[in-house]
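Student: here you go, sequence then predicted model.
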Amino acid sequence: MTLQDLIRLGLGVLESGFSQAAGSEDSEDSGHSQAKYNLKTKNHIRADPILSPHLGTIRLTHVSFLSACLSNAAMLGLTPATTSDDAVSPFFHGHLSNQAEEWQKSEFKNIKPDLRPTKSQLTRSHHPYLDVLPFPTFRERAIALIHTDTPVFDEEELCRDLLNDALICWGSSLGAGVGNSGAPWDIRSWEARPWFMKKWWFLTGGIEGELYQQTRWWCEMRGDDSGYAW
């Protein structure tokens with residue numbers, strides 16, 4: 001099953017869950033359920049014993065890649081219908097080539113900064129699975145390379161790697177059983193595995209890229225420098 005399939009099926013599950021929650025008599029509880037549903041789906045989150053003196057008593061939790069993507073997809077208003085295998089991103093407007101930057105600044109203020117569409121997202125056709133990744137440089141480079149005359153990389157291989165624990169999204173927990181929270185729409189919540197950054201450096205931007213720098217921050221926070229280039 002592909003990443004696109006999983007996102008589409010996951011959004012279908014979320015829609016079903018939201019519909020059931022909307023029918024609950026307890027509107028306040030159902031509102032909280034809807035807000036947390038995509039980050040607390042069974043087996044989508046596990047707690048990791050990552051503690052730091054810089055973080056006080058906050059326990060970090062590992063939000064699964066798929067759960068994080070579903071959260072971002074829902075935030076962007078994507079649905080199963082708009083994420084089919086042959087779907088084109090709703091951000092794509094080919095006629096905006098000359099006005100893309102101005103339109104980008106004026107039309108998407110309500111979208112979290114790291115999920116706001118880049119120029120390539122607005123002007124070049126692509127599948128919406130790329131839209132849910134909160135890494136602007138990564139999205140911009142990937143879409144640009146997809147449209148080269150000679151294929152530079154295999155999208156199916158990239159998707160397999162993304163599903164193979166290549167990226168980690170961190171949230172926080174106040175303690176066992178208290179609940180978890182995360183911000184998958186914020187690049188500061190993410191880090192990448194060493195093998196992924198080495199293999200896909202031309203998409204991540206190398207050591208100057210945003211994903212590399214954010215990964216370095218997380219590693220330094222926990223005193224881990226193994227497997228990285230710094």
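Tutor: All right, it came through fine.

Student: now the strands for the chain?
Tutor: For the chain, applying DSSP state E gives strands covering 45-47, 59-63, 167-173, 180-182, 190-192.

Student: what packs against the last one?
Tutor: I take that to be strand 190-192. Other helices and strands packing on strand 190-192, by 3 or more C-beta pairs under 8 Å, 6 or more residues apart in numbering; DSSP states H and E, are strand 167-173, helix 210-221. Backbone N, C-alpha and C define where each C-beta goes, glycine included.

Student: list the buried ones in the longest one?
Tutor: Translated: helix 210-221. Neighbour counts over helix 210-221 (16 or more other C-beta atoms under 10 Å) mark Glu210, Leu211, Tyr212, Gln214, Thr215, Arg216, Trp218, Cys219, Met221 as buried.

Student: may I see the residues you listed arranged in JSON lines, with pLDDT and distance to Gly10 as well?
Tutor: Shown next, in JSON lines, are the buried residues of helix 210-221 (pLDDT from 0 to 100; distance: C-beta to C-beta, whole Å):
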{"residue": "Glu210", "pLDDT": "93", "distance to Gly10": "26"}
{"residue": "Leu211", "pLDDT": "93", "distance to Gly10": "23"}
{"residue": "Tyr212", "pLDDT": "92", "distance to Gly10": "28"}
{"residue": "Gln214", "pLDDT": "93", "distance to Gly10": "25"}
{"residue": "Thr215", "pLDDT": "92", "distance to Gly10": "25"}
{"residue": "Arg216", "pLDDT": "91", "distance to Gly10": "30"}
{"residue": "Trp218", "pLDDT": "89", "distance to Gly10": "25"}
{"residue": "Cys219", "pLDDT": "89", "distance to Gly10": "29"}
{"residue": "Met221", "pLDDT": "85", "distance to Gly10": "30"}
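
Student: which among those residues gets closest to Ala87?
Tutor: For Ala87, the nearest member of these is Leu211. The distance, counting by C-beta to C-beta, is 25.0 Å.

Student: gap between the closest one and Ser16?
Tutor: Going from Leu211 to Ser16 by C-beta to C-beta, to the nearest Å gives 33 Å.

Student: equivalent analysis for Gln4, please.
Tutor: Here the distance between Gln4 and Ser16 works out to 19 Å (C-beta to C-beta).
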